[in-house]
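okay, sequence plus prediction incoming.
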Amino acid sequence: MAEKTRGRKTFTLEIITPEKVVVDEEVEAVVMPASGGYLGILANHAPIVGGLEIGVIKYIQEGKAHWVACNMGVFEMSGNRLRVLADTAERGEDIDVIRAQQARDRALRRLQEKKADLDYLRAELALKRALARLKAAGKAGESAS
Ligand code: ATP
(Lines give C-alpha, C1' and ligand atoms only; values in the text may rest on other atoms or scores of the structure.)
Protein backbone atom coordinates (compact mmCIF):
# COMPACT_ATOMS: atom_id res chain seq x y z
CA MET A 1 0.00 0.00 0.00
CA ALA A 2 2.76 2.42 0.99
CA GLU A 3 4.58 1.58 -2.27
CA LYS A 4 1.48 2.43 -4.28
CA THR A 5 1.03 5.77 -2.49
CA ARG A 6 4.66 6.74 -2.98
CA GLY A 7 4.57 6.06 -6.72
CA ARG A 8 1.51 8.19 -7.42
CA LYS A 9 1.72 11.13 -9.79
CA THR A 10 -1.54 12.73 -8.68
CA PHE A 11 -3.14 13.66 -5.37
CA THR A 12 -6.56 14.73 -4.17
CA LEU A 13 -7.34 18.43 -3.89
CA GLU A 14 -10.31 19.46 -1.77
CA ILE A 15 -11.31 23.11 -1.47
CA ILE A 16 -14.12 23.46 1.06
CA THR A 17 -16.02 26.49 2.39
CA PRO A 18 -18.71 26.59 5.08
CA GLU A 19 -21.22 26.67 2.19
CA LYS A 20 -19.99 23.88 -0.09
CA VAL A 21 -17.31 21.67 -1.57
CA VAL A 22 -15.90 23.82 -4.36
CA VAL A 23 -13.26 21.36 -5.62
CA ASP A 24 -12.79 17.62 -5.02
CA GLU A 25 -10.51 16.35 -7.76
CA GLU A 26 -7.41 14.36 -8.62
CA VAL A 27 -4.73 16.84 -9.65
CA GLU A 28 -1.08 16.88 -10.67
CA ALA A 29 0.03 20.13 -9.04
CA VAL A 30 -1.25 23.02 -6.91
CA VAL A 31 0.16 26.49 -6.29
CA MET A 32 -1.56 28.41 -3.51
CA PRO A 33 -1.18 31.65 -1.54
CA ALA A 34 0.09 30.33 1.80
CA SER A 35 0.90 32.67 4.69
CA GLY A 36 4.62 32.56 3.94
CA GLY A 37 4.20 33.15 0.20
CA TYR A 38 3.05 31.09 -2.78
CA LEU A 39 3.52 27.38 -2.10
CA GLY A 40 3.72 24.61 -4.71
CA ILE A 41 2.49 21.10 -3.90
CA LEU A 42 3.07 17.94 -5.92
CA ALA A 43 2.08 14.32 -5.23
CA ASN A 44 3.87 12.67 -2.30
CA HIS A 45 4.61 16.03 -0.63
CA ALA A 46 5.63 15.70 3.01
CA PRO A 47 2.85 16.38 5.53
CA ILE A 48 2.39 20.11 6.08
CA VAL A 49 -0.22 22.43 7.59
CA GLY A 50 -0.43 26.20 7.23
CA GLY A 51 -2.48 29.33 6.76
CA LEU A 52 -4.07 30.47 3.52
CA GLU A 53 -4.19 34.09 2.35
CA ILE A 54 -6.60 35.84 0.02
CA GLY A 55 -5.49 35.06 -3.53
CA VAL A 56 -5.74 32.56 -6.36
CA ILE A 57 -5.20 28.82 -6.10
CA LYS A 58 -3.96 27.36 -9.38
CA TYR A 59 -4.15 23.64 -10.01
CA ILE A 60 -3.19 21.42 -12.92
CA GLN A 61 -5.44 18.54 -13.92
CA GLU A 62 -4.63 16.38 -16.95
CA GLY A 63 -2.21 19.06 -18.10
CA LYS A 64 -4.80 21.84 -17.96
CA ALA A 65 -4.64 24.83 -15.58
CA HIS A 66 -7.61 25.88 -13.42
CA TRP A 67 -7.96 28.90 -11.15
CA VAL A 68 -9.95 29.29 -7.93
CA ALA A 69 -10.24 32.58 -6.01
CA CYS A 70 -9.92 32.00 -2.28
CA ASN A 71 -10.44 33.90 0.93
CA MET A 72 -8.41 33.33 4.09
CA GLY A 73 -8.26 29.86 5.60
CA VAL A 74 -6.06 26.91 6.45
CA PHE A 75 -4.66 23.93 4.55
CA GLU A 76 -3.35 20.47 5.35
CA MET A 77 -1.41 18.12 3.10
CA SER A 78 -1.13 14.53 4.28
CA GLY A 79 -1.47 11.07 2.74
CA ASN A 80 -1.65 12.54 -0.78
CA ARG A 81 -4.68 14.66 0.08
CA LEU A 82 -4.53 18.46 0.16
CA ARG A 83 -7.45 19.89 2.13
CA VAL A 84 -8.04 23.61 1.85
CA LEU A 85 -10.63 25.15 4.18
CA ALA A 86 -11.43 28.74 3.19
CA ASP A 87 -14.05 31.28 4.24
CA THR A 88 -15.10 31.62 0.58
CA ALA A 89 -13.85 30.17 -2.70
CA GLU A 90 -15.08 30.38 -6.28
CA ARG A 91 -13.92 28.66 -9.46
CA GLY A 92 -12.87 31.16 -12.13
CA GLU A 93 -15.78 30.23 -14.39
CA ASP A 94 -18.33 30.74 -11.57
CA ILE A 95 -17.23 34.28 -10.74
CA ASP A 96 -19.60 37.16 -11.38
CA VAL A 97 -17.11 39.54 -12.99
CA ILE A 98 -19.33 42.64 -12.83
CA ARG A 99 -19.92 42.07 -9.11
CA ALA A 100 -16.19 41.70 -8.49
CA GLN A 101 -15.41 44.84 -10.54
CA GLN A 102 -17.99 46.79 -8.54
CA ALA A 103 -16.55 45.47 -5.26
CA ARG A 104 -13.05 46.46 -6.41
CA ASP A 105 -14.13 49.97 -7.44
CA ARG A 106 -16.09 50.47 -4.19
CA ALA A 107 -13.08 49.46 -2.10
CA LEU A 108 -10.71 51.65 -4.14
CA ARG A 109 -13.04 54.62 -3.75
CA ARG A 110 -13.20 54.13 0.01
CA LEU A 111 -9.43 53.85 0.29
CA GLN A 112 -8.93 56.99 -1.83
CA GLU A 113 -11.58 59.10 -0.06
CA LYS A 114 -10.07 58.28 3.36
CA LYS A 115 -13.18 59.43 5.22
CA ALA A 116 -12.81 59.75 9.00
CA ASP A 117 -14.86 56.61 9.66
CA LEU A 118 -12.99 54.48 7.09
CA ASP A 119 -12.37 50.90 8.26
CA TYR A 120 -9.05 50.62 6.44
CA LEU A 121 -8.50 46.90 7.02
CA ARG A 122 -12.01 46.01 5.91
CA ALA A 123 -11.65 48.02 2.67
CA GLU A 124 -8.23 46.55 2.01
CA LEU A 125 -9.48 42.97 2.46
CA ALA A 126 -12.48 43.67 0.22
CA LEU A 127 -10.10 45.00 -2.43
CA LYS A 128 -7.88 41.92 -2.16
CA ARG A 129 -10.88 39.58 -2.51
CA ALA A 130 -12.15 41.46 -5.57
CA LEU A 131 -8.71 41.48 -7.25
CA ALA A 132 -8.28 37.75 -6.58
CA ARG A 133 -11.71 37.07 -8.14
CA LEU A 134 -10.88 39.11 -11.22
CA LYS A 135 -7.54 37.33 -11.56
CA ALA A 136 -9.16 33.89 -11.24
CA ALA A 137 -11.77 34.89 -13.82
CA GLY A 138 -9.01 36.12 -16.17
CA LYS A 139 -10.35 39.70 -16.05
CA ALA A 140 -7.77 41.38 -13.84
CA GLY A 141 -7.03 44.36 -16.11
CA GLU A 142 -10.58 45.32 -17.14
CA SER A 143 -12.69 48.17 -15.79
CA ALA A 144 -16.34 48.00 -14.71
CA SER A 145 -17.60 50.55 -17.25
P1 ATP B 1 -19.46 41.70 -2.37
O2 ATP B 1 -19.17 43.07 -1.80
O3 ATP B 1 -19.63 41.70 -3.85
O4 ATP B 1 -20.55 40.93 -1.63
P5 ATP B 1 -17.51 40.30 -0.78
O6 ATP B 1 -16.04 40.14 -1.00
O7 ATP B 1 -17.91 41.13 0.40
O8 ATP B 1 -18.11 40.85 -2.15
P9 ATP B 1 -17.85 37.74 0.40
O10 ATP B 1 -18.40 38.14 1.74
O11 ATP B 1 -16.38 37.39 0.34
O12 ATP B 1 -18.20 38.88 -0.67
O13 ATP B 1 -18.68 36.51 -0.18
C14 ATP B 1 -20.08 36.31 0.09
C15 ATP B 1 -20.57 35.19 -0.81
O16 ATP B 1 -20.68 35.65 -2.16
C17 ATP B 1 -19.64 33.97 -0.87
O18 ATP B 1 -20.44 32.82 -1.04
C19 ATP B 1 -18.80 34.19 -2.12
O20 ATP B 1 -18.36 32.96 -2.67
C21 ATP B 1 -19.81 34.90 -3.02
N22 ATP B 1 -19.21 35.87 -3.95
C23 ATP B 1 -18.69 37.08 -3.62
N24 ATP B 1 -18.30 37.76 -4.71
C25 ATP B 1 -18.55 36.94 -5.77
C26 ATP B 1 -18.36 37.06 -7.19
N27 ATP B 1 -17.83 38.15 -7.74
N28 ATP B 1 -18.76 36.02 -7.96
C29 ATP B 1 -19.31 34.92 -7.42
N30 ATP B 1 -19.52 34.74 -6.10
C31 ATP B 1 -19.15 35.74 -5.28
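Looks like it arrived, so ask away. Residues are numbered from 1 along each chain as shown.

contacts for stretch 85-102 next, please.
15-19, 22-23, 52, 57, 66-75, 129-130, 133-134, 136-139, 142-144 (C-beta atoms under 8 Å, 6 or more residues apart in numbering). In this view, the C-beta of every residue, glycine as well, is placed from N, C-alpha and C.

near the ligand, from the residues you listed?
On the criterion C-beta under 6 Å from any ligand atom, 19, 71, 129, 133 are the entries of those that sit beside the ligand.

any quick ChimeraX command for the buried ones out of those residues?
A single ChimeraX command is used to select the members of those judged buried by 16 or more other C-beta atoms under 10 Å:
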select :71,129,133
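
picking that back up, among the contacts of stretch 85-102, which lie within strands?
15-16, 22-23, 52, 57, 66-70, 73-75 (DSSP state E).

whichever strand or helix holds residue 109 close to the ligand?
Element membership for residue 109, per DSSP states H and E: helix 97-113. Yes: on the criterion C-beta under 6 Å from any ligand atom, helix 97-113 is in touch with the ligand at 99-100, 103.

in that helix, which residues are buried?
Using 16+ other C-beta under 10 Å as the test for burial, helix 97-113 gives 100-101, 103-104, 107, 110.

do the same with stretch 27-35
27-34.

what is residue 24 paired to in the beta sheet?
Counting by DSSP bridges, residue 24 forms beta bridges with residue 14.

need the buried residues of helix 97-113 in a markdown table with pLDDT and distance to residue 125, can you?
Output for these, formatted as a markdown table (pLDDT from 0 to 100; distance: C-beta to C-beta, whole Å):
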| residue | pLDDT | distance to residue 125 |
| --- | --- | --- |
| 100 | 98 | 14 |
| 101 | 98 | 17 |
| 103 | 98 | 11 |
| 104 | 98 | 12 |
| 107 | 97 | 9 |
| 110 | 93 | 12 |
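
which of those lies closest to residue 124?
Distance to residue 124, by C-beta to C-beta, is smallest for residue 107 among the buried residues of helix 97-113, at 7.5 Å.

that closest one and residue 127 touch, don't they?
Yes: taking contacts as C-beta atoms under 8 Å, residue 107 lies within contact range of residue 127: 3.8 Å.
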